[in-house]
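1. with the input below, show me the fold.
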Amino acid sequence: MNLTGLEKPGCMDLYSSIVVDLDPNVSQRSLVSMGFESVELGWWIQGNCSCHRKAVCANVSSIDNERVGYRCHCFDGYDRDRFVPGDGCRRC
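-> Below you'll find the model as predicted:
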């Protein structure tokens, strides 16, 4: 599965599941191997940097390199809204 395959039909969400039969009446069971991975979901804003004065701007681009934007990160010791239109970074 890749990004193009997900975007082409207009998909916005990805769901997955697994089913394991644990019937106590079955004497012979097939082995089940499960692998788990974690994915960090992040978001960014398209356009030019507009971070709070106590935040640093990090430029990012989409996986297909067709869209560019930015993320803001508050300085150490600060938290909350990192963007100019919001409340801004506050000392924590």
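2. looking at the chain, which helix or strand does the model trust least?
-> The least trusted helix or strand in the chain, going by mean pLDDT, DSSP states H and E, turns out to be helix 3-7, with a mean of 60.
3. now the element after that one, going C-ward?
-> Moving toward the C-terminus from helix 3-7, the next helix or strand (DSSP states H and E) is strand 45-46.
4. strand partners (parallel or antiparallel) of whichever helix or strand comes after that next one?
-> As assigned by DSSP H and E, the chain's next helix or strand after strand 45-46 is strand 55-61. Applying DSSP bridges to the sheet, strand 55-61 is found paired with strand 68-74 (antiparallel).
5. can you list contacts of the following helix or strand past the strand it pairs with?
-> Reading on from strand 68-74 to the C-terminus, the next helix or strand found by DSSP H and E is strand 78-80. Among residues not part of strand 78-80, those counted as contacts by CB atoms under 8 Å, 6 or more residues apart in numbering are 54-55, 74, 86-92. From N, CA and C alone the C-beta is placed, and that goes for glycine too.
6. what's the local residue count around residue 57?
-> 15 (other CB atoms under 10 Å).
7. the one 5 residues further on too?
-> Using other CB under 10 Å, residue 62 has 12 other residues around it.
8. just give the nearest non-adjacent residue to it, would you?
-> Spatial nearest neighbour of residue 62, excluding adjacent residues (CB to CB, 6 or more residues apart in numbering): residue 68 at 7.6 Å.
9. now do the contacts for the one you found.
-> Contacts of residue 68 (CB under 8 Å, 6+ apart): 46, 59-62.
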